[in-house]
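**Q** Attaching a predicted model along with its sequence, questions to come.
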Amino acid sequence: MIWYRVIFMAFNKIIAVSTIVAALSVGAWALRPNHALTVPAPTTVAVTTTALPLNRDDPGQDRIGALKFLGAVQLRSTDPLFGGISALRAGKATASGVQLLGLSDTGNWLAFETVEHGGRLVGVSPMIMTPIRQPDGNSARTKADGDAEALEWNPATGAATIAFEQDHRLVHFTGIDPAMSASLAELPTRVERLTPMTGWPLNGGAEAMTELPDGSRIVISEQRKRPDGSHVALLTRAGSTREIAIESVAGHSPTDAVAIDATRILVLHRRFDLMGQGAAISLIDLAPALRATPTLSLPAQLLARWQAPITLDNMEGLALRREGDRLFLYIVSDDNLNSLQQTVLMKFELVL
């Protein structure tokens with residue numbers, strides 16, 4: 001009866017993945033309609049961690065393309081609002097590791113520190129979870145209010161911008177400091193609505209965003225594409241916004257981005273379909289777009305791409321940490337608050 005077990009296991013996998021794909025399509029809280037979206041007030045969330053290998057079938061593997069593996073952990077909490085992490089940024093070094101600031105796509109800030117030994121990720125501190133305040137001072141009342149998908153944050157100045165889907169908008173904050181939980185309760189200083197974003201797909205809008213050192217900002221749509229398959233993006237520079245496009249990784253969608261210098265950005269991509277999960281990192285040179293409006297999509301240099309048995313889940317958050325000339329990446333998954341998924345945090349060194 002081996003054939004029967006194989007068919008049964010394959011059927012179960014299809015059902016499980018179909019459920020997760022549905023969560024990605026309609027939003028995590030479609031699966032949990034009776035729960036509140038945000039925490040009512042700043043909350044300390046205890047998190048347990050389990051160390052994960054890079055490759056469960058090959059414990060000796062320590063590299064994926066240009067990424068050198070420096071640890072991974074699965075994060076768990078008994079708090080029902082923990083998870084759904086959709087964006088990530090890195091701040092200053094701490095006694096234990098690195099300060100991280102994240103968002104959940106249910107409308108919460110998450111502030112925590114990594115625990116690292118010998119430069120390797122081994123755990124995280126308890127997390128501070130705080131509702132993202134709307135201009136009226138309230139937390140998100142609906143999924144559309146709180147569907148935060150991308151974050152840009154300057155640790156030196158405290159300036160932060162959140163990109164929201166469904167009600168497509170960019171919300172700006174000042175004085176954000178993860179070490180001071182009170183700063184996460186501040187009201188936004190400005191709400192920005194870019195006309196080209198109004199036609200972006202309801203659940204496929206501003207999924208990735210980053211800023212260059214000169215202040216130029218790029219916002220990438222998860223689902224709006226050009227006929228050649230490239231993903232539509234908006235470049236705001238010197239007060240003017242225009243459309244450009246970013247070459248896609250086949251079968252993947254962009255989920256986060258970080259700038260590594262004056263013209264180049266890294267883009268995190270994820271694949272989540274009936275065939276399973278995948279992730280990728282690409283390098284985009286924005287120089288042509290910064291000089292003039294391009295007629296073609298900007299090409300992507302694929303730096304790494306992985307799928308099972310390499311550790312991954314629904315990879316959505318990407319943070320960059322510089323130490324001298326070395327570049328370290330932290331990548332986190334969005335579990336959609338779904339018991340079939342995991343919150344996974346990974347650390348890599350980028351070796352170009």
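**A** Received, thanks.
**Q** Wait, residue 166 touches residue 144, no?
**A** Yes: counting by Cβ atoms under 8 Å, residue 166 does reach residue 144; the two are 3.9 Å apart. Glycine gets a C-beta too; all of them are placed from N, C-alpha and C.
**Q** Those two: which has the busier surroundings?
**A** Remark: of residue 166 and residue 144, residue 166 carries more neighbours, 20 against 15, as counted by other Cβ atoms under 10 Å.
**Q** do you know how far residue 82 is from residue 104?
**A** Applying Cβ to Cβ, to the nearest Å, the value for residue 82 to residue 104 is 8 Å.
**Q** tell me, what's touching these two both at once?
**A** residue 129 (Cβ atoms under 8 Å, 6 or more residues apart in numbering).
**Q** who has more neighbours, these two?
**A** Taking other Cβ under 10 Å, residue 82 and residue 104 do not tie; residue 104 has more neighbours (27 against 23).
**Q** Isn't the more buried one up against residue 88?
**A** No: counting by Cβ under 8 Å, residue 104 sits too far from residue 88 to count as a contact (11.0 Å).
**Q** name the helices or strands packed onto the helix or strand harbouring residue 344?
**A** Per DSSP states H and E: residue 344 is located in strand 343-350. Counting contacts by 3 or more Cβ pairs under 8 Å, 6 or more residues apart in numbering; DSSP states H and E, strand 343-350 packs against strand 67-76, strand 108-117, strand 120-124, strand 326-333.
**Q** Identify each buried residue in the second one, please.
**A** Looking back up the chat, that one is strand 108-117. For strand 108-117, burial by neighbour count (16 or more other Cβ atoms under 10 Å) applies to 108, 109, 110, 111, 112, 113, 114, 115, 116.
**Q** just the angle between it and strand 67-76, please?
**A** Strand 108-117 runs at 120 degrees relative to strand 67-76, counting by axes from the mean of the first three to the mean of the last three Cα atoms, to 10 degrees.
**Q** ok, now the third one?
**A** Relative orientation of strand 120-124 and strand 67-76, computed by the same axes, to 10 degrees: 20 degrees.
**Q** Now for the residue nearest the centre of the chain: which residues touch it?
**A** What sits nearest the mean C-alpha location of the chain, by Cα atoms, centre = their mean, is residue 317, with 2.1 Å. Going by Cβ under 8 Å, 6+ apart, residue 317 touches 85-88, 102, 255-256, 268, 330-334.
**Q** and it, that's in a strand?
**A** Yes: according to DSSP: H, G, I helix; E, B strand; the rest coil, residue 317 belongs to a strand.
**Q** Show me the beta-bridge partners of it.
**A** Counting by DSSP bridges, residue 317 is bridged to residue 332.
**Q** any idea how far it is from residue 150?
**A** Per Cβ to Cβ, residue 317 is found 9 Å from residue 150.
**Q** Spell out which residues are contacts of both of those two.
**A** The overlap between the contact sets of residue 317 and residue 150 (Cβ under 8 Å, 6+ apart) consists of 86, 87, 256.
**Q** element containing the second one?
**A** Under the criterion of DSSP H and E, residue 87 resides in strand 85-93.
**Q** Could you list the residues in contact with that strand?
**A** In contact with strand 85-93 (Cβ under 8 Å, 6+ apart) are residues 98-105, 110, 148-153, 155, 162, 178, 255-256, 316-321, 323, 328, 330-335, 343.
**Q** Of those residues, grab the buried ones for PyMOL.
**A** Burial among these is assessed by 16+ other Cβ under 10 Å; the matching PyMOL selection reads:
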select buried, resi 98+99+100+101+102+103+104+105+110+148+149+150+151+152+153+155+162+178+255+256+316+317+318+319+320+321+328+330+331+332+333+334+335+343
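**Q** returning to that earlier point: specify which member of the contacts of residue 317 is nearest to residue 348.
**A** Set against residue 348, the nearest of the contacts of residue 317 by Cβ to Cβ is residue 331 (7.2 Å).
**Q** gap between that closest one and residue 226?
**A** Computed as Cβ to Cβ, the residue 331 to residue 226 distance reads 27 Å.
**Q** swap in residue 148?
**A** Counting by Cβ to Cβ, the gap from residue 148 to residue 226 is 26 Å.
**Q** what's near enough to touch residue 330?
**A** Neighbouring residues of residue 330 by Cβ under 8 Å, 6+ apart: 88, 90, 98, 100, 114, 121, 317-319, 321, 345-347.
**Q** what's the closest of these to residue 71?
**A** The closest of the contacts of residue 330, once distances to residue 71 are taken by Cβ to Cβ, is residue 121, at 3.3 Å.
**Q** Quick one: low-confidence residue ranges for the stretch 1-150 of the chain.
**A** Where the stretch 1-150 of the chain drops to pLDDT under 70, the residues are 1-36.
**Q** And the helices in it, which stretches?
**A** For the stretch 1-150 of the chain, applying DSSP state H, counting those that start in this stretch gives helices covering 2-26, 143-146.
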